[in-house]
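Student: Next comes the sequence, and after it the predicted model I'd like to discuss.
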There are 2 protein chains.
Amino acid sequence: MEFSLTTLGTASARPTSGRYPSAHILTVGGRLFLLDCGEGAQMQIVRNRISIARIDNIFISHLHGDHVFGLYGLLSTLSMMGRTTPLHIYAPAGIEKIVNSLKELFGDLMYEVVIHNIRCGEPTLVEEFRQLEIWAFPLYHRVETYGYIFREKVPPLNVYKPAIEKFNLTLEEIARLKEGTDVVRVAEDGTEYTLPCNELTYKPFLPRSFAYCSDTTPFAKLSGWLKGVTMIYHEATYSSEFKELAKSNFHSTSQDAARCAAAAGAQKLILGHYSSRYKTLDTLLEEAKEIFPETYLSKEGMNFDIPLQKGDFSSEKKF
Amino acid sequence: MEFSLTTLGTASARPTSGRYPSAHILTVGGRLFLLDCGEGAQMQIVRNRISIARIDNIFISHLHGDHVFGLYGLLSTLSMMGRTTPLHIYAPAGIEKIVNSLKELFGDLMYEVVIHNIRCGEPTLVEEFRQLEIWAFPLYHRVETYGYIFREKVPPLNVYKPAIEKFNLTLEEIARLKEGTDVVRVAEDGTEYTLPCNELTYKPFLPRSFAYCSDTTPFAKLSGWLKGVTMIYHEATYSSEFKELAKSNFHSTSQDAARCAAAAGAQKLILGHYSSRYKTLDTLLEEAKEIFPETYLSKEGMNFDIPLQKGDFSSEKKF
């Protein structure tokens, strides 16, 4: 199934002619998740040929304007379009005041906005779908801020077809093997023998994961929380030249982002949230690549795919 | 001096991939006036190489989201940029609630926002600068809505230089003539004689004017109020095919806009605020041109100049 990130906005606080405030669409299977909603998000979504009507879940990192001002327009447009299905917003406390002010000042919405207030001191499961888990974790910024991890669930094991025939496996035995349990049989002579799960089964694919790390100052625990995540988005407001400024306003340099991705053992790092002082982003990229080569610059309209990771099926397997 | 309109947004309620919500910059001399402030206005301003720091006056037609959602981002960015000079917003009652909600939810601004609540039943002078008058007038929409007229003031007359020499005019006499008054002198024989103003002076230029007619249903009085306005912006949400729909939601067709411009005797009509149903706008333009040939479609980034209109200086004039 599809697992990809579409960049809608790469600006930090102050937008530039080419950069919109923070907003991203994560597509997992048929589901679209909006990550932050800076001003212009609804236009950027339409421009990227994505239907805003398909967004049922919005995840907000923190309540600074450049991450939420787009909610006013997006929520209003959805109402004008006649939406009736509930819209879920996951965000720190205070989001309800923003949504309520929209309703009070501009009229009620045609649909229900279900607020999920995020509050945690360590990674916490906040939402679950059939094939996906969503975890929130704290970031360290000037206001209460959270990152989010989207994890594909571990799929049930597949049983090798030739094994099913050779051992004439019953449905019950197949079910046990898919769960990862050995099958123990009793032979006619009363002796027990085992059909070992690890020989008869294979993983159909390896679960993928994506972590969204919006505004934050670097901190030791973060890479531990992101251990083994496939792809990480991490803010990179500044180059190393401004690392003191980054510290003082609780932001990161591209090197901070790269160190985090390296320590977490990620496969890919996506940078964003660039200071408006940067006309070109070469320095940010180069400084990050020295530490973590698989670093990429996000730009408006770019799509970063996490391809399906094949499991351990072996065509040589004999029974 | 420059007198021109820059289009930032041409969408009606629902933005499309190419159309932003309502926002326009009117430049008169060195002054920039922001007319409505739909979502994304600050990005559109930057994209058009206009400095948002130069905006001191914002005129809002009405408090529907697609005309004001951009205020949140624009006002915040100005504060982040360290603005300290007051910002003036002219709008119907209720705007203060929007500005206050921004301050309460996202922190106070570094500068003062001076609210000018507009409330009038007919054209009313609401602001005045050395060379410019700004008038508000009511429009008829679903909520309290106002249009605005920007009028160059009538300049003082110029006195022909040869006349100054020939009649040896005193500074006082020149001042009287510039005001449009005849100069009456007493000859040595005691008889009075007149130096007629209309022969010794000429108009340096003819005052230009621009009217902004945002969301409205057509009504008889409007064209009378706009009599002689040089250039009119008038919303044209629909083509004639949807004139009933236009009526029912208090909007105009491009033909309504054209009839208004024709009856007002305008020189130029600019259309905008297009329904998202229109991929191309040819029909709206053609239908308007049949009634008012000098009709133009506004599009994001376009600039409509009102050239200086020469006065009645005559090089043939003899004294």
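Tutor: Thanks, I have the structure now.

Student: what does chain A put close to chain B?
Tutor: Counting by Cβ under 8 Å from any Cβ of the partner chain, the positions of chain A adjacent to chain B are A:13-17, A:20-21, A:39-40, A:42-43, A:46-47, A:49, A:63-66, A:69-70, A:72-73, A:76-77, A:80-81, A:94, A:97-98, A:101, A:105-106. For every residue, glycine as well, the C-beta is placed using N, CA and C.

Student: Swap in 6 Å and give it another go.
Tutor: By the rule Cβ under 6 Å from any Cβ of the partner chain, the part of chain A lying against chain B is A:13-15, A:17, A:39-40, A:43, A:46-47, A:65, A:69, A:72-73, A:76-77, A:80, A:97-98, A:101, A:105-106.

Student: domain assignment for chain A?
Tutor: Chain A breaks down by automatic domain parsing into domains covering A:3-155+A:207-310, A:158-202.

Student: okay, those, which one's buried deepest?
Tutor: domain A:3-155+A:207-310 (a mean of 20; mean count of other Cβ atoms under 10 Å in any protein chain shown).

Student: Surely residue A:8 touches residue A:44?
Tutor: Yes. With contacts counted by Cβ atoms under 6 Å, residue A:8 reaches residue A:44, the gap being 3.9 Å.

Student: got any ranges where the stretch 1-150 of chain A has weak pLDDT?
Tutor: By pLDDT under 70, the stretch 1-150 of chain A has no low-scoring segment.

Student: Quick one: the strands in it, in order.
Tutor: Taking DSSP state E, counting those that start in this stretch, the strands of the stretch 1-150 of chain A run over residues A:3-9, A:23-28, A:31-37, A:55-59, A:87-92, A:113-118, A:124-129, A:132-140, A:144-152.

Student: And the ones you listed: which comes nearest residue A:163?
Tutor: Nearest to residue A:163 among the strands of the stretch 1-150 of chain A is strand A:144-152 (25.6 Å), distances taken as Cβ to Cβ.

Student: After that closest one, which helix or strand is next?
Tutor: The helix or strand immediately downstream of strand A:144-152 is strand A:158-159, counting by DSSP states H and E.

Student: Would you map the helices across the stretch 101-250 of chain A?
Tutor: Under the criterion DSSP state H, counting those that start in this stretch, the stretch 101-250 of chain A contains helices at A:161-166, A:171-179, A:197-200, A:221-225, A:243-248.

Student: Mind putting those helices into CSV with mean pLDDT?
Tutor: Output for these, formatted as CSV (pLDDT from 0 to 100):
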stretch, mean pLDDT
helix A:161-166, 94
helix A:171-179, 95
helix A:197-200, 94
helix A:221-225, 98
helix A:243-248, 96
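
Student: so residue A:1 touches residue A:29, yeah?
Tutor: Yes. Here residue A:1 reaches residue A:29: they are 4.1 Å apart, a contact under Cβ under 6 Å.

Student: returning to what we had before: can you lay out the domains of chain A as TSV showing distance to residue B:205?
Tutor: Compiled in TSV, the domains of chain A are given as follows (distance: least, Cβ to Cβ, whole Å):
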stretch	distance to residue B:205
domain A:3-155+A:207-310	35
domain A:158-202	84
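
Student: so which of these gets nearest residue B:245?
Tutor: domain A:3-155+A:207-310 (14.4 Å).

Student: how long is that closest one end to end?
Tutor: 14 Å (Cα to Cα, to the nearest Å).

Student: Stretch A:311-319 too?
Tutor: First residue to last in stretch A:311-319 (Cα to Cα) measures 19 Å.

Student: Next, the buried residues of that stretch.
Tutor: residue A:311 (16 or more other Cβ atoms under 10 Å in any protein chain shown).

Student: any residues touching that stretch, and which ones?
Tutor: Stretch A:311-319 is contacted by residues A:160, A:162, A:163, A:166, A:202, A:203, A:204, A:205 when judged by Cβ atoms under 6 Å, 6 or more residues apart in numbering or on different chains.

Student: do the same with stretch A:81-97
Tutor: With contacts defined as Cβ under 6 Å, 6+ apart, stretch A:81-97 is touched by A:57-60, A:63, A:111-118, A:144, B:105.

Student: what two of those residues are the furthest from one another?
Tutor: A:111 and A:144 (26.7 Å).

Student: about what we covered before: out of the contacts of stretch A:81-97, which one sits closest to residue A:266?
Tutor: Closest to residue A:266, out of all of these and judged by Cβ to Cβ, is residue A:59, at 19.3 Å.

Student: distance of the closest one from chain B?
Tutor: Residue A:59 sits 19 Å away from chain B, going by Cβ to the nearest Cβ, to the nearest Å.

Student: Could you verify my assumption that that residue touches residue A:147?
Tutor: No. With contact defined as Cβ under 6 Å, residue A:59 does not reach residue A:147; the gap is 9.4 Å.

Student: Can you name the residues that contact residue A:102?
Tutor: residue A:72.

Student: let's go with 7 Å and repeat that
Tutor: Residues in contact with residue A:102 (Cβ atoms under 7 Å, 6 or more residues apart in numbering or on different chains) are A:72, A:75.

Student: Ok, residue A:157 next?
Tutor: Here residue A:157 is in contact with A:177, A:178, A:180, A:201, A:202, A:203 (Cβ under 7 Å, 6+ apart).
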